[in-house]
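Engineer: Take this sequence and fold it.
(2 chains)
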Protein chains: 2
Amino acid sequence: MRWAEGFIAVDWGTTNRRAFRIGADGRCAEEFEDRKGILAVPPGTFGAAAAEIRSRLGDLPLLLAGMVGSNRGWVEAAYVDAPAGAEEIAAHLTRLDDERAAIIPGVAFRHGTAADVMRGEEVQIVGAVAAGLVSRSGLVCHPGTHNKWVRIADGRIASFRTVMTGELFNLLKEHSILADLLAQPTEDDDSFAAGVRHGLDRDDLVAELFSVRARFLLGETKREAAAPYVSGLLIGSDLRLGLRDAPDGELVAMGRPELTRLYGSAIRIAGRSVREVDGEQAFLAGVARLAELIE
Amino acid sequence: MRWAEGFIAVDWGTTNRRAFRIGADGRCAEEFEDRKGILAVPPGTFGAAAAEIRSRLGDLPLLLAGMVGSNRGWVEAAYVDAPAGAEEIAAHLTRLDDERAAIIPGVAFRHGTAADVMRGEEVQIVGAVAAGLVSRSGLVCHPGTHNKWVRIADGRIASFRTVMTGELFNLLKEHSILADLLAQPTEDDDSFAAGVRHGLDRDDLVAELFSVRARFLLGETKREAAAPYVSGLLIGSDLRLGLRDAPDGELVAMGRPELTRLYGSAIRIAGRSVREVDGEQAFLAGVARLAELIE
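Structural biologist: The predicted model follows:
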């Protein structure tokens, strides 16, 4: 089967895409990242965008993850319902390009009126399970534009909930009345910790955000404190939801290291132990596991 | 004293300004509104912007309220600390333009680490008290870009808290992943009521916002339901904070009628009685009361 001889895995998001050539030994041999996320690819030209990837990394099958499977991507790939593990996901690939490309489905979770979706994170989760980076049951925090709290049971994604923390921070930073205060860098410092504690203890986020500005106007805090405090406040508020009814034991923060570091620090402030898992390593383990299952 | 012979009151905000010629009888004789909020007036040219107002409404003293007194306005007018009523506010006007113009100070509230500020709403509050539109003690909800929950005691602003609800709704509508869903009109309908109830009952706003999108992607709600639901969700979450420890009795929703109607409806869903007060009427009563106190 030709996938065993090597393939290209692409983490194709809204803004960026990252492509990895995976050799017959299952390891990444070459990679590149560019800004050709799906919004930069005009509808109807995804075939050409895929050909460009092959021209750089080799004429190989493509295994595609992320927003490329959304209704704005190459082809809409229907969600698989949770609970879902590597087998269920591999069984629902959307094949195209004369079977030489496959889009990984996202995962949907429905429970009463609750509804949630993910596209992309599922590859990291199944990869981390397959590689033993996480245990076969537990709670994973996957920060990003949209933080996902993912419960794993029997090595599969059992349920999850998304908190729009990263997007909200970006909205505040780019477009809100707090924009000038948030232009400073975010540090994992005392102000961050104070924000985390406020967010963990109190449910007044949308009011407390304005207080940050008021305290600055009244000379009660320094400008440099605002960005770390707000970052901590948003993450602490996120944790207040995510840690509710969290299972005992070590938690996992998975994703980009600069984010898992901040979330890891906040989770420790909440009194829980946490292990940080590199999202890229989990992604590569995930595509390797899914490629094994492709028939 | 020349103010008794008439003056021009200006509600000079960030984006818009509204000017009213008040006659010797204390009533509004003429008015206009334009888009020359403070951000449209280059620093150093506020004198010319004021002269333009006089050229349209008459060569009269100017009583200026709102962001014109901020650090980006004509002259920064220091805040008066709460508790503050008409007397305290009138005693702290910032005079300029050869005593022919006066900027009304904003009000600051500090209590422990809590800090809050208002600029503009204080005129409506003292006006509503003076005109008997609100009682001399109670809780006023003043929706706008930033909703203010204002406690009145002894006819003065005793304390207040700002919730950034309107700004957050605008950020989501203009710039977020929910933007396409929020392009529909907001109605006071069943979806709005469902959002209000969710916000009143649960503290998971930043997660629930994403669920709105997920339910739509999964075909579980209609597109038209999203904007009213999110509007209700934000207002319900706002009320959950504002109604905490609220005094017994009728509440007041004061401000622009299209907003006090939505907040009024939500407050009734929360099981409280509420009276709606037109913000412009309160503003005119406020500037009339302050003009009486100018020495």
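Engineer: Which elements pack onto the helix or strand harbouring residue A:48?
Structural biologist: Element membership for residue A:48, per DSSP states H and E: helix A:46-57. With contacts defined as 3 or more Cβ pairs under 8 Å, 6 or more residues apart in numbering or on different chains; DSSP states H and E, helix A:46-57 has these neighbours: strand A:7-12, strand A:17-22, strand A:28-34, strand A:62-65. C-beta coordinates here come from the backbone N, C-alpha and C atoms, glycine included.
Engineer: got the CA positions of it in CSV?
Structural biologist: Below are the C-alpha coordinates for helix A:46-57, written out as CSV (Å, rounded to 0.1, in the frame of the first residue of the first chain):
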residue,chain,number,x,y,z
PHE,A,46,-7.2,23.8,-3.5
GLY,A,47,-6.0,21.3,-6.1
ALA,A,48,-3.3,23.8,-7.2
ALA,A,49,-2.5,24.6,-3.6
ALA,A,50,-2.0,20.8,-3.0
ALA,A,51,0.2,20.5,-6.1
GLU,A,52,2.4,23.2,-4.8
ILE,A,53,2.9,21.3,-1.5
ARG,A,54,3.9,18.2,-3.6
SER,A,55,6.2,20.2,-5.7
ARG,A,56,8.1,21.2,-2.5
LEU,A,57,8.0,17.9,-0.6
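Engineer: For residue A:113, give its distance to residue B:149.
Structural biologist: Counting by Cβ to Cβ, to the nearest Å, the separation of residue A:113 from residue B:149 is 29 Å.
Engineer: Of the two, which one has the most company?
Structural biologist: Using other Cβ atoms under 10 Å in any protein chain shown as the criterion, residue A:113 and residue B:149 rank with residue B:149 on top: 24 against 11.
Engineer: What residues does the closest residue to the more buried one other than its chain neighbours make contact with?
Structural biologist: Leaving aside its chain neighbours, residue B:149 sits nearest to residue B:242 (4.1 Å; criterion: Cβ to Cβ, 6 or more residues apart in numbering or on different chains). Contact analysis of residue B:242 by Cβ atoms under 8 Å, 6 or more residues apart in numbering or on different chains lists B:139, B:141, B:147, B:149, B:161, B:163.
Engineer: mind listing the helices for the stretch 51-200 of chain A?
Structural biologist: Secondary structure of the stretch 51-200 of chain A (DSSP state H, counting those that start in this stretch): helices at A:86-90, A:121-130, A:165-175, A:190-201.
Engineer: which one of those is the most hemmed in?
Structural biologist: helix A:121-130 (a mean of 28; mean count of other Cβ atoms under 10 Å in any protein chain shown).
Engineer: any idea how far stretch A:123-138 is from the chain center?
Structural biologist: Relative to the centre of its chain, stretch A:123-138 is centred 14 Å away, using Cα atoms, centre = their mean, to the nearest Å.
Engineer: Span of that stretch from start to end?
Structural biologist: 17 Å (Cα to Cα, to the nearest Å).
Engineer: who's in contact with that stretch?
Structural biologist: With contact meaning Cβ under 8 Å, 6+ apart, stretch A:123-138 is reached by A:11, A:65, A:85-86, A:89, A:104, A:140, A:142, A:150-157, A:247, A:249-252, A:254-255, A:277, A:279, A:281-290.
Engineer: cutoff 6 Å now
Structural biologist: With contact meaning Cβ atoms under 6 Å, 6 or more residues apart in numbering or on different chains, stretch A:123-138 is reached by A:65, A:86, A:150, A:152-153, A:155, A:157, A:252, A:254, A:277, A:279, A:282-283, A:285-286, A:289.
Engineer: Please spell out the PyMOL selection for the buried subset of these.
Structural biologist: Command for PyMOL that selects the buried part of the contacts of stretch A:123-138, burial taken from 16 or more other Cβ atoms under 10 Å in any protein chain shown:
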select buried, chain A and resi 65+86+150+152+155+157+252+254+277+279+282+283+285+286+289
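Engineer: from the contacts of stretch A:123-138, which ones fall inside strands?
Structural biologist: A:65, A:150, A:152-153, A:157, A:252, A:254, A:277 (DSSP state E).
Engineer: Give me the pLDDT for the residue nearest to residue B:149.
Structural biologist: Reported pLDDT at residue B:242 in the predicted model: 98.
Engineer: Return the residues in contact with the residue lying closest to residue A:68 once chain neighbours are set aside.
Structural biologist: Counting by Cβ to Cβ, 6+ apart, residue A:68 lies nearest to residue A:12, which is 3.7 Å off, once chain neighbours are set aside. Listed by Cβ under 6 Å, 6+ apart, the contact partners of residue A:12 are A:64, A:66, A:68.
Engineer: ditto for residue A:182
Structural biologist: Per Cβ under 6 Å, 6+ apart, neighbours of residue A:182: A:173, A:227.
Engineer: biggest helix in chain A, by residue count?
Structural biologist: If you go by DSSP state H, chain A has its longest helix at helix A:223-242.
Engineer: From residue B:65, how far off is the residue nearest to residue A:68?
Structural biologist: Distance of residue A:12 to residue B:65, given as Cβ to Cβ: 52 Å.
Engineer: Chain B contacts on the stretch 101-250 of chain A?
Structural biologist: A:108, A:115-117, A:161-164, A:171, A:175, A:203-204, A:206-207, A:209-211, A:214-215, A:217-218, A:220, A:241 (Cβ under 6 Å from any Cβ of the partner chain).
Engineer: Take those and keep only those in strands.
Structural biologist: Filtering those for strands - DSSP E - leaves A:108, A:115-117, A:161-163.
Engineer: As JSON lines, the residues you listed with neighbour count would be great.
Structural biologist: Output for these, formatted as JSON lines (neighbours: other Cβ atoms under 10 Å in any protein chain shown):
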{"residue": "A:108", "neighbour count": "20"}
{"residue": "A:115", "neighbour count": "21"}
{"residue": "A:116", "neighbour count": "26"}
{"residue": "A:117", "neighbour count": "22"}
{"residue": "A:161", "neighbour count": "22"}
{"residue": "A:162", "neighbour count": "26"}
{"residue": "A:163", "neighbour count": "28"}
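Engineer: for residue A:117, what are its contacts?
Structural biologist: Per Cβ under 6 Å, 6+ apart, neighbours of residue A:117: A:106, A:108, B:214, B:217.
Engineer: go again using 7 Å as the cut-off
Structural biologist: Applying Cβ atoms under 7 Å, 6 or more residues apart in numbering or on different chains to residue A:117 gives the contacts A:79, A:106, A:108, B:214, B:217-218.
Engineer: what's in contact with stretch A:248-262?
Structural biologist: Residues from elsewhere that reach stretch A:248-262, judged by Cβ under 7 Å, 6+ apart: A:124, A:128, A:134, A:138-144, A:188, A:231, A:235, A:263-264, A:267, A:272-279, A:282.
Engineer: Now do the buried residues in that stretch.
Structural biologist: A:251-255, A:259-260, A:262.
Engineer: Stretch A:200-210 too?
Structural biologist: Under the neighbour-count criterion of 16+ other Cβ under 10 Å, stretch A:200-210 has A:200, A:202-210 buried.
Engineer: Next, find the distance separating residue A:197 from residue A:268.
Structural biologist: 12 Å.
Engineer: Same check on residue A:199?
Structural biologist: From residue A:199 across to residue A:268, the span is 14 Å (Cβ to Cβ).
Engineer: Same question for residue A:204.
Structural biologist: Look at residue A:204 and residue A:268: by Cβ to Cβ, they are 23 Å apart.
Engineer: do residue A:6 as well
Structural biologist: Applying Cβ to Cβ, the value for residue A:6 to residue A:268 is 41 Å.
Engineer: who has more neighbours, those two?
Structural biologist: More crowded of residue A:6 and residue A:268, by other Cβ under 10 Å: residue A:6, with 18 against 14.
Engineer: So the more buried one sits against residue A:24, correct?
Structural biologist: Yes. Shown here, residue A:6 and residue A:24 form a contact pair, counting by Cβ atoms under 7 Å, at 5.3 Å.
Engineer: follow-up on the earlier one: with mean pLDDT added, can I get the helices of the stretch 51-200 of chain A in CSV?
Structural biologist: Formatted as CSV, the helices of the stretch 51-200 of chain A follow (pLDDT from 0 to 100):
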stretch, mean pLDDT
helix A:86-90, 98
helix A:121-130, 98
helix A:165-175, 97
helix A:190-201, 98
